[in-house]
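K.L.:
here is a sequence with its predicted model. Questions after.
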Amino acid sequence: PPPPTNNPTHDGTATIRQTTINITKTCMGTGTLALPFGASRGGLLFNVGGLAIIAIWNLYGVDRLVKCRDLIVGLNRRVRVRRRRRCDEDGCREEEEEVEV
C-alpha cells in the first residue's frame, strides 16, 4: 500500500449539513439502484415481506436512538424532588414537584 500523505484538499471541513446530505444521497442512490433488481429477482411476496421487515427494523433502531438520547439528557439533568404537604377542607395530602438544580 502507498504511504499516507498529507493531502491539503482533504482537511475535514464539511459542515454537519453537508455531511448529512452526502450520506443521504449515497443511501438513496444505492437503494434506488438496488431495489428494483432485488424485487425482480426475489418476487412480489419476498419484496413486500422484506420491505416490511426492514421498515420494522428501522423503526426499532430509531426508537432505541431516541430512548438513548432521552437517557443521556436525563443523566445530564439535575433534578431535586420537593415534597409539600397541602391541607384544605377535603383533608391533607402530599405533593411532589421536580425542581431543576
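P.N.:
Received it, and whenever you're ready, just let me know what you need. Numbers count the residues shown, from 1 in each chain.
K.L.:
avg pLDDT for the strand or helix carrying residue 71?
P.N.:
Counting by DSSP states H and E, the element that carries residue 71 is helix 44-76. For helix 44-76, the per-residue pLDDT values average out at 88.
K.L.:
mind listing what's buried in that helix?
P.N.:
Within helix 44-76, the residues that qualify as buried by neighbour count (16 or more other C-beta atoms under 10 Å) are residue 47. Just so you know, the C-beta spots here come from the backbone N, C-alpha and C atoms, and that holds for glycine as well.
K.L.:
name the next helix or strand downstream of that helix, please.
P.N.:
Following the chain from helix 44-76 toward its C-terminal end, the next helix or strand by DSSP H and E is strand 79-88.
K.L.:
run the chain-centre distance for that following strand.
P.N.:
Using C-alpha atoms, centre = their mean, to the nearest Å, the distance from the centre of strand 79-88 to the centre of the chain it belongs to is 36 Å.
K.L.:
which helices and strands sit right next to it?
P.N.:
Contacts of strand 79-88 with other secondary structure elements, assessed using 3 or more C-beta pairs under 8 Å, 6 or more residues apart in numbering; DSSP states H and E, are made with strand 91-100.
K.L.:
what lines up beside the strand it packs on in the sheet?
P.N.:
Strand pairing for strand 91-100, using DSSP bridges, gives strand 79-88 (antiparallel).
K.L.:
what helices or strands is the helix holding residue 71 leaning on?
P.N.:
When contacts are defined as 3+ C-beta pairs under 8 Å, 6+ apart, helix 44-76 packs onto helix 16-42.
K.L.:
report the angle between the helix it packs on and helix 44-76.
P.N.:
Counting by axes from the mean of the first three to the mean of the last three C-alpha atoms, to 10 degrees, helix 16-42 points 150 degrees away from the direction of helix 44-76.
K.L.:
centre of the chain versus helix 16-42, how much separation?
P.N.:
19 Å.
K.L.:
what's that helix packed up against?
P.N.:
For helix 16-42, the elements it packs on are helix 44-76, judged by 3+ C-beta pairs under 8 Å, 6+ apart.
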